[in-house]
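Student: Curious how this folds, go ahead:
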Amino acid sequence: MENQNPVHVFATWKVKEGQVENVLNLLKTVHDESIREEGNLFYKIHQSNSDVNTILLFEGYTNETAVAAHRNASYFQDLVLGQIVPLLDNREIVLATPLEY
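Tutor: Below you'll find the predicted structure:
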């Protein structure tokens, strides 16, 4: 059975030299669309203090189905995969379930 616990996404993007402003401008639209999704809990964009070309995303979704819906959304396909990924040198993504203690 699919995990119905909240899922957090931690993404680290290393942006190609000279492209960080382009990526951040595109991410503004991705952010605005993402927070409208029914299963989105939050979408936070960070820029590294030690390397301005490193962008970190911290996202929260109600469950794995919401993550899949986010990744299948037309704006995600167009903006993230179609326009942002070609501007990156590296992209690492970790999905995690928060632990309750």
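Student: so what's the residue sitting nearest the centre point of the chain scoring on pLDDT?
Tutor: Taking Cα atoms, centre = their mean, the centroid of the chain lies closest to L57, which sits 5.1 Å from it. At L57, the model reports a pLDDT of 98.
Student: so it sits in a helix?
Tutor: No - counting by DSSP: H, G, I helix; E, B strand; the rest coil, L57 falls outside a helix, being strand.
Student: and it, how far is that from E100?
Tutor: L57 sits 23 Å away from E100, going by Cβ to Cβ, to the nearest Å. To be clear about C-beta, it is placed using only N, CA and C from the backbone, and glycine gets the same treatment.
Student: same deal with L27?
Tutor: Distance of L27 to E100, computed by Cβ to Cβ: 30 Å.
Student: Compare the two (neighbour count), which wins?
Tutor: Neighbours were counted for L27 and for E100 using other Cβ atoms under 10 Å; L27 has more, 19 against 5.
Student: The strand or helix carrying the more buried one packs against which elements?
Tutor: According to DSSP states H and E, L27 maps onto helix 20-34. Here helix 20-34 touches strand 40-47, strand 54-61, helix 74-75, going by 3 or more Cβ pairs under 8 Å, 6 or more residues apart in numbering; DSSP states H and E.
Student: H8: neighbour count?
Tutor: What H8 shows, counting by other Cβ under 10 Å, is a neighbour count of 16.
Student: host element of it?
Tutor: strand 7-15.
Student: Now for Q47: which residues touch it?
Tutor: 20, 24, 54-56 (Cβ atoms under 8 Å, 6 or more residues apart in numbering).
Student: helix, strand or coil for N49?
Tutor: Going by three-state DSSP: N49 is coil.
Student: Just the pLDDT at it, thanks.
Tutor: The per-residue pLDDT reported for N49 equals 98.
Student: Distance check, it against E64.
Tutor: 32 Å.
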